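1. sequence and predicted structure are below.
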Amino acid sequence: MSAIQIEQLSFRYKGQQSLIKNLSLTVNVGERFGIFGPNGAGKTTLMNLITGLLPYEQGSIKILDKEVRSFKDEIKQLIGLVPQDFSFYEQLSPIENMQFFGAWYGMSKMAIKNKTEELLQVMGLDTVAHKPVKLFSGGMKRRVNLAIGVMNNPQILFLDEPTVGVDVQSRNAIIEFLKKLNASGTTLVYTSHQLGEAEDLCNVVSLYDEGEIIAHGALDVLLSTHRHTGLEGLFLELTGRNYRD
Ligand SMILES: Nc1ncnc2c1ncn2[C@@H]1O[C@H](COP(=O)(O)OP(=O)(O)OP(=O)(O)O)[C@@H](O)[C@H]1O
């Protein structure tokens, strides 16, 4: 069974040109999968389609063998989402946010308490657990955003630029946490413009441009096939050097 199986997916926003064109893609269970492309290529849109936040009409998207459009409630229990825009309530504390989202996932009070304690500690937020998140630094806010995304122990975790705007310490903590999560069985689906970080985290990558996947495979195989030492060189070769937004 694949973690994600997309077949012949097409999508356009109302009144706009086609953004995703007949796209097929498989992400296997246990992968640390990264999808990369220029600004506006449609990476966030694709994540929103896969996670059921945006409806699709043409094509098929399956998560762990369940068609997303038909099994929304079941799929909510299988996945976690760490969106690019913060998903928490600024006026609430980390604990209050985690209680709110834990309840939204249908977790028991005991499960919420245990998971909240664990995540506050791992994310280095235990000393500020009761302070409103609006007072936090960018790095602390990113860590709260990540904690909320993993509250329900997701089998597949979607990460849209999870480290944008954070310092080296927070970035390092976040990436190490994600690697451990993956080692314990969680499939990661990640996008970012931080290609150095992506090389560190991802083992399978897709380059995506103009609605289509232009390269896909194990990172080391793709780099050696295209004779590049890093993702940035491969990205520039395949997507060109002109501004794209
Ligand atoms: N809700 C929306 N309604 C209409 N158009 C949208 C909407 N959201 C995004 N778009 C447009 O769709 C295109 C793809 O946007 P999207 O955010 O998916 O790209 P992206 O690859 O994630 O970009 P970035 O790297 O800048 O985050 C852009 O042209 C954007 O302006």
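-> Arrived safely, thanks for sending.
2. which of the three states applies to the spatially most central residue of the chain?
-> The residue lying closest to the centre of the chain (Cα atoms, centre = their mean) is residue 159, at 1.7 Å. Secondary structure for residue 159, judged by DSSP: H, G, I helix; E, B strand; the rest coil, is strand.
3. go ahead and confirm it touches residue 190.
-> Yes: with contacts counted by Cβ atoms under 8 Å, residue 159 reaches residue 190, the gap being 4.5 Å. Any C-beta I mention is one placed from the backbone N, CA and C, and that applies to glycine too.
4. now do the shared contacts for these two.
-> residue 178 (Cβ atoms under 8 Å, 6 or more residues apart in numbering).
5. can you list the residues of this structure near the ligand?
-> For the chain, the residues in contact with the ligand (Cβ under 6 Å from any ligand atom) are 13, 16, 19, 37, 39-45.
6. filter the residues you listed down to the ones in helices?
-> 43-45 (DSSP state H).
7. check what pLDDT the closest residue to residue 42 other than its chain neighbours gets.
-> Leaving aside its chain neighbours, residue 42 sits nearest to residue 19 (4.6 Å; criterion: Cβ to Cβ, 6 or more residues apart in numbering). As predicted, residue 19 sits at a pLDDT of 94.
8. who does the helix or strand hosting residue 233 touch, helix- and strand-wise?
-> Here residue 233 is covered by helix 231-239, with elements defined by DSSP states H and E. Other elements packing on helix 231-239 under the criterion 3 or more Cβ pairs under 8 Å, 6 or more residues apart in numbering; DSSP states H and E are helix 195-201, strand 204-209, strand 212-218, helix 219-225.
9. Throw these into JSON lines and include mean pLDDT and mean neighbour count, thanks.
-> Listed next are the helices and strands packed on helix 231-239 as JSON lines, based on pLDDT from 0 to 100; neighbours: other Cβ atoms under 10 Å:
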{"stretch": "helix 195-201", "mean pLDDT": "93", "mean neighbour count": "18"}
{"stretch": "strand 204-209", "mean pLDDT": "93", "mean neighbour count": "22"}
{"stretch": "strand 212-218", "mean pLDDT": "93", "mean neighbour count": "15"}
{"stretch": "helix 219-225", "mean pLDDT": "94", "mean neighbour count": "14"}
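10. could you export those to TSV, including columns for distance to residue 124?
-> Below are those laid out as TSV (distance: least, Cβ to Cβ, whole Å):
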stretch	distance to residue 124
helix 195-201	19
strand 204-209	29
strand 212-218	33
helix 219-225	29
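11. for this structure, what's the longest helix?
-> Longest helix in the chain, counting by DSSP H: helix 168-183.
12. other residues contacting that one?
-> 30, 32, 122-124, 138-140, 142-143, 146, 150, 157, 159, 162-163, 166, 188, 190, 197, 200-201.
13. again, only this time at 7 Å
-> Helix 168-183 is contacted by residues 32, 122, 124, 139, 142-143, 146, 150, 157, 162-163, 188, 197, 200-201 when judged by Cβ atoms under 7 Å, 6 or more residues apart in numbering.
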